[in-house]
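sequence? don't have it. structure:
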């Protein structure tokens, strides 16, 4: 019996091999001529829905053929697992030219004769970073015009089978698929492949990759663009090479192309910020030994003689300032005069980045024929979900057609539910942040008590202070909470956006973007805002400490300042997010694909068809790019909003982005089905979000320098309160610590033991001593410092904003040469079109066409003259 099964299997495979002469790893129909533009797959699952699904498919495929598409079905016996049917779709020439006109697709009319830009003198130095010319520019540059069926002789049609690129073809077929009806159910006309995918009639719909990514196809008619992209772009060893943006755009469409253009440009601009940040960090490193504050803290005669008040109530002991020697030295790495310079520099860098990106975007719009691009009609079409859920109809004032609409009362209810849900989740984030703060306060006392009373921690107690130990553990805990909340909220955000029933695809994406960004903003940045602007600011003073919930004493900053803790928080959250994101992006799709293909490895390659190979890949959904943009914009916030505390943040972002480009390109080329090509002329709503964050970053960095770092108190001391003219900064530490009489401690705060019988202790604040008539009230120096901080914020903000707006005004959004090229191309295109119309009129006159009057001929010539004059 077993040998009989083997024989049957052999016959089945033999039949499958003999059925077609060409390889199954092909992108053509069985005739080897007609190209496969799209593939639909389905499974005959035997249940009560089987007959209904079969009727839907029959009607849908019949309507596709009526629309002019050609279909070829692969029986499930031909599939690898014997369960899946594949419907291959081909768009013939007549269909392509019809819908190319509908979609206003621009096609070549003449090769571009405008001379290329002036050679860059640095090109010879940048040669190692360049890719071959045939990869960077896979096709010549043409003047283009919107396609018209009546003017086919005007276009450069050398071969009808290759005139429209595969990405244009799959875009046209997808346009038909999303609008093709499949019957009437419950009195409503149903249409579109999206609904059929949602209700399980079809399991997948996708265009094909042109070949396997690791080797070229055997078919000489195949362009092997996927192989080229993998070899020249998607491998990490090519990280130092430029990106083949024209080839990416040709293969994946403009929407994906502009994302990689933006990511590449952002990474290039990060290089400058990373270099300046590294210089500022090295300045702090090399001047560490010259820092007077840390010298005084480490000096046994100064820091060793200063007795600090206990860090927690009752359990903690008095401690000597010089125990924080190492942490004060490391704090100088980030809290020095270079911090101010770098904060101002980054405020200007953000403006340069955004303005130069506008110029780069304008150049891409010209090169990719997007100058006159209006948002695709497809984007403005009603969403199928909107039409399905909106039962009421009203007349559209533009088209004068009846179309579904959502009543105002229903919209209001849905927005209220949506707003309440978002508010609840934002409150949940704030509650989780408060929980982490409570953890910090509770654990801080434990760490303080442990580190002071345990001899085994002596070797590291100088470096790992209670403040730093609390900060590190709290940051790790906070990162875990962030990732958990993020996991759940992504699904909640999609659910509430679906519930709102947005009218168009663009409206849906914009609403989801704002919800996700608001949540991510609060989720990722709330802990950094707490450390930067609240920690150590509302502590009180010995004997009158402030408590959270009347139980936990508020945290104090390290004697060297809170900036080092903000640096720690930022590093853990930013680096952790980047590492986790790359692992998730690279390994999850790879593991899923490996698991899905594990059976196929046991069969001969010539039985594993191209449509089956792509079917086993992951789907790059409609929100695929959304998550990529969101990840990068959150990173942009880390390197701008809090960069004054961590000059190495741009360097970390640069290293991540070099990896990110290759990870994104690798997964898109090797692990995902080919996405449907879509047009986009900009990065959309993300541009406005980046502009908003750029403005906010100036404010946050000014406050960080003023209130989180020790720069302003040091400057006030240097100019107004110095005690030694020869060394103005000497005595600063003693000046910055106030005096408290231990006998004034209430029982709640007083330590249980005082073995050395200390009389006074010191604490970080500017208050009058116990023998002053204004005992423990803020001293005049405190108000001088506060005034200096507020003045600094106002001055820094105004200076940076003035420079930002001046730079933005100085840099035009569109380069002058691009403006000239756009005008030149418009002129030449109009000239070519007018000459074509004139020739047609002459032919009609010669043929005796009465409708082609002499007046019409004169009017056409006059229009040409007017066009030349303009």
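Arrived safely, thanks for sending. Bear in mind the structure is a predicted one, so any value in this text is a computation, not a measurement. Residues are numbered from 1 along each chain as shown.

could you list the domains of this protein?
Taking the TED database as the reference, the chain has its domains at 24-105+147-208, 816-869.

make JSON lines from the ones you listed and add distance to residue 348, mean pLDDT and mean neighbour count to it.
Where you see a C-beta, it was placed from the backbone N, CA and C, and this is true even at glycine. What follows is these, written out as JSON lines (distance: least, CB to CB, whole Å; pLDDT from 0 to 100; neighbours: other CB atoms under 10 Å):
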{"stretch": "domain 24-105+147-208", "distance to residue 348": "39", "mean pLDDT": "87", "mean neighbour count": "17"}
{"stretch": "domain 816-869", "distance to residue 348": "23", "mean pLDDT": "69", "mean neighbour count": "13"}
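
any chance of those domains in CSV, plus distance to residue 488?
Output for the domains of the chain, formatted as CSV (distance: least, CB to CB, whole Å):
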stretch, distance to residue 488
domain 24-105+147-208, 23
domain 816-869, 45
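
helices of the stretch 451-600 of the chain, start to end?
Listed in chain order, the helices of the stretch 451-600 of the chain (DSSP state H, counting those that start in this stretch) span 458-461, 466-500, 505-533, 563-596.

centre-most residue in the chain?
residue 629 (2.0 Å; CA atoms, centre = their mean).

what's the helix or strand for it?
helix 624-641 (DSSP states H and E).

ok, now residue 674?
Using DSSP H and E, residue 674 falls outside every helix and strand.

start the count at 13 instead of 1 going forward.
That works, and once the first residue is 13, the last one we named lands at residue 686.

so the spatially closest residue to residue 558 that is not a sequence neighbour bridges to which residues?
Closest residue to residue 558 apart from its sequence neighbours, by CB to CB, 6 or more residues apart in numbering: residue 552 at 4.3 Å. With DSSP bridges as the criterion, residue 552 is bridged to residue 557.

residue 552: neighbouring residues, count only.
Other residues lying near residue 552 total 15 when counted by other CB atoms under 10 Å.

that one touches residue 566, doesn't it?
Yes: counting by CB atoms under 8 Å, residue 552 sits close enough to residue 566 to count as a contact (7.2 Å).

mutual contacts of those two, please.
Both residue 552 and residue 566 are contacted by residue 558, under the criterion CB atoms under 8 Å, 6 or more residues apart in numbering.

next secondary structure after the helix holding residue 641?
Using DSSP H and E, the helix or strand that follows helix 636-653 in sequence is helix 661-678.

which residues in the stretch 213-362 of the chain form helices?
Using DSSP H, counting those that start in this stretch, helices in the stretch 213-362 of the chain cover 237-241, 257-264, 266-298, 304-310, 337-343, 349-379.

turn these into JSON lines, columns for mean pLDDT.
Below are the helices of the stretch 213-362 of the chain laid out as JSON lines (pLDDT from 0 to 100):
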{"stretch": "helix 237-241", "mean pLDDT": "92"}
{"stretch": "helix 257-264", "mean pLDDT": "93"}
{"stretch": "helix 266-298", "mean pLDDT": "94"}
{"stretch": "helix 304-310", "mean pLDDT": "88"}
{"stretch": "helix 337-343", "mean pLDDT": "83"}
{"stretch": "helix 349-379", "mean pLDDT": "91"}
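
so which of these is nearest residue 537?
Residue 537 sits nearest to helix 349-379 of all the helices of the stretch 213-362 of the chain, at 16.2 Å, using CB to CB.

and that closest one, what does it pack onto?
Secondary-structure packing of helix 349-379 (3 or more CB pairs under 8 Å, 6 or more residues apart in numbering; DSSP states H and E): helix 266-298, helix 636-653, helix 698-715, helix 723-728, helix 792-822, helix 828-858.

in the fourth one, what's buried?
Of the residues in helix 723-728, those with enough neighbours to count as buried (16 or more other CB atoms under 10 Å) are 723-726, 728.

try the first one
Taking 16+ other CB under 10 Å as the basis for neighbour counts, the residues of helix 266-298 that come out buried are 266-279, 281-282, 285-286, 288-289, 292-293, 295-296.

want to throw the helices and strands packed on helix 349-379 into a markdown table with distance to residue 487?
Below are the helices and strands packed on helix 349-379 laid out as a markdown table (distance: least, CB to CB, whole Å):
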| stretch | distance to residue 487 |
| --- | --- |
| helix 266-298 | 20 |
| helix 636-653 | 13 |
| helix 698-715 | 18 |
| helix 723-728 | 24 |
| helix 792-822 | 26 |
| helix 828-858 | 46 |
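
for residue 168, find the nearest of those helices.
Closest to residue 168 of the helices and strands packed on helix 349-379 is helix 828-858 (CB to CB; 11.3 Å).

which elements pack onto the closest one?
With contacts taken as 3+ CB pairs under 8 Å, 6+ apart, helix 828-858 sits against strand 118-123, strand 154-158, helix 349-379, helix 866-881.

quick one: that helix to helix 349-379, angle?
Computed by axes from the mean of the first three to the mean of the last three CA atoms, to 10 degrees, the angle separating helix 828-858 from helix 349-379 equals 10 degrees.

what angle separates helix 828-858 from strand 154-158?
Using the same axes, to 10 degrees: helix 828-858 against strand 154-158 is 60 degrees.

and the angle for helix 828-858 with strand 118-123?
Going by the same axes, to 10 degrees, helix 828-858 makes 90 degrees with strand 118-123.

go ahead and confirm residue 657 touches residue 716.
Yes: with contact defined as CB under 8 Å, residue 657 counts as touching residue 716 (5.8 Å).
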